[in-house]
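J.: Okay, sequence plus prediction incoming.
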Amino acid sequence: MSAADDAQAVDRVLQGDLSAFEEIVQRWQGPLINMAYRFCRDRGRSEEMAQEAFVRAYRGLAKWRREAAFSTWLFALAANLYRTEIRRIPPATVNLDQIADPADPHRTESRLEDEDRRRIVQRALQSLPSKYRDALVLFYFHGLDVASAAQSLRLPEGTVKARLSRGRDMLRRKLPHGTR
């Protein structure tokens, strides 16, 4: 599906064709769950948050002004919901003693190093102030360009560029040299 396909699906939903919203959900469910996961680090909670984002999107479809792509509007709606949800109910902490060791003994050392590096980067990313983390997540993990990220965050492009630059600098200082 393309941006035009999204717009056509929205038009069909607004005309009463509910099956068109199913197409939208199928296309954007994975990206919205992944984005929610980056906010809360809990798979079950991220699925619930994405489901709520779709409910709100459905209720607000008529409010999409078509000044930007549907995906930009949807990601902005979801990001705002996720930020509110994280403030309302902070993520649960887990004692390190409760985390089981990996069950697959056949993992290679290289794969373990990659996973460790990914975890270190994720931990460092989560430790950033939300204004920098949100810009980095939208730009790097969800592939939005600066203009789309700016629209999603409801900020000027220059502010998003500055937050991306500052966020990258903060990450560099937090990461050991081997993970950069």
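T.: Here it is on my side, so go on.
J.: can I assume Glu157 is in contact with Val146?
T.: Yes. Counting by C-beta atoms under 8 Å, Glu157 touches Val146, with 5.4 Å between them. In this view, the C-beta of every residue, glycine as well, is placed from N, C-alpha and C.
J.: Now do the closest residue to Trp64 other than its chain neighbours against Ala53, distance only.
T.: Nearest residue to Trp64 in three dimensions, chain neighbours excluded: Trp73, at 5.0 Å (C-beta to C-beta, 6 or more residues apart in numbering). Taking C-beta to C-beta, to the nearest Å as the measure, Trp73 and Ala53 are separated by 11 Å.
J.: residues contacting the spatially closest residue to Ser130 that is not a sequence neighbour?
T.: Excluding its sequence neighbours, the residue lying closest to Ser130 (C-beta to C-beta, 6+ apart) is Arg83, at 6.7 Å. The contact partners of Arg83, by C-beta atoms under 8 Å, 6 or more residues apart in numbering, come to 39, 130, 134.
J.: related to what we said a few turns ago, helix or strand: which one has the residue nearest to Trp64?
T.: Mapping Trp73 onto the secondary structure by DSSP states H and E places it in helix 70-88.
J.: Report the buried residues of that helix.
T.: By neighbour count, and taking 16 or more other C-beta atoms under 10 Å as the criterion, the buried residues in helix 70-88 are 70-82, 85-86.
J.: likewise stretch 160-177?
T.: The neighbour-count check on stretch 160-177 (16+ other C-beta under 10 Å) flags 160-161, 163-164, 166-167, 170-171, 175 as buried.
J.: Tell me how far the helix holding Trp73 lies from the chain's centre.
T.: Here helix 70-88 is found 8 Å from its chain centre; the criterion is C-alpha atoms, centre = their mean, to the nearest Å.
J.: For Pro173, give me its contacts.
T.: Not quite, residue 173 is Arg, not Pro. With the criterion set at C-beta under 8 Å, 6+ apart, Arg173 makes contact with nothing.
J.: how near is it to Leu128?
T.: Between Arg173 and Leu128 the distance, using C-beta to C-beta, works out to 11 Å.
J.: shared neighbours, these two?
T.: With C-beta under 8 Å, 6+ apart, Arg173 and Leu128 have no common neighbours.
J.: The protein - how does it break down into domains?
T.: When the chain is parsed into structural domains using automatic domain parsing, the resulting residue ranges are 3-88, 106-179.
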